[in-house]
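[1] whatever this is, show me its structure:
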Amino acid sequence: MTDFNMEFKDMNGKLVVIIEGDIDAYHSAEFKKTIKEKIATCSGATMVLDFSSVSYIDSAGLGSLVAILKEARNSGKNVVLSSLKPGVKRIFEMTRLDKVFKIVDTPEEA
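    You can find the predicted model right below:
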């Protein structure tokens with residue numbers, strides 16, 4: 001099991017979350033809880049999830065992301081995904097979640 005870590009940075013008024021590790025059944029509950037708390041407390045309207053260090057996401061991780069998106073929208077905020085590796089991006093395309101989430105190449109584009 002790989003280590004899972006999140007680092008929070010402020011970039012031009014957006015909260016950037018640098019995720020390291022797999023977003024899977026082992027980590028998705030902690031991931032969702034931490035991000036939802038940040039949504040509630042951050043002042044900016046946009047949260048960017050930087051996936052550059054995420055090589056795997058499973059259905060539990062996708063479920064957490066959908067819950068996070070719903071929470072953000074209910075709070076009047078946006079969630080943008082950036083820097084998806086090809087394998088992870090393919091999962092979003094296969095599940096059609098690439099139509100639900102805004103996906104950009106770099107955090108700066110969000």
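
[2] need the longest helix for this structure.
    In the chain, with assignment by DSSP state H, the single longest helix is helix 59-74.

[3] helices or strands next to that helix in the packing?
    When contacts are defined as 3 or more C-beta pairs under 8 Å, 6 or more residues apart in numbering; DSSP states H and E, helix 59-74 packs onto helix 28-41, strand 78-82. For glycine as for every other residue, the C-beta is placed from the backbone atoms N, C-alpha and C.

[4] other residues contacting it?
    Here helix 59-74 makes contact (C-beta atoms under 8 Å, 6 or more residues apart in numbering) with 22-25, 27-29, 31-32, 35-36, 39, 47, 49, 57, 78-79, 81, 91, 95, 97, 100-101.

[5] still on that earlier bit, export the helices and strands packed on helix 59-74 as TSV, with columns for distance to residue 7, mean pLDDT and mean neighbour count.
    Below are the helices and strands packed on helix 59-74 laid out as TSV (distance: least, C-beta to C-beta, whole Å; pLDDT from 0 to 100; neighbours: other C-beta atoms under 10 Å):
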stretch	distance to residue 7	mean pLDDT	mean neighbour count
helix 28-41	11	96	16
strand 78-82	14	97	20
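
[6] adding distance to residue 68, write these out as CSV.
    Formatted as CSV, the helices and strands packed on helix 59-74 follow (distance: least, C-beta to C-beta, whole Å):
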stretch, distance to residue 68
helix 28-41, 5
strand 78-82, 6
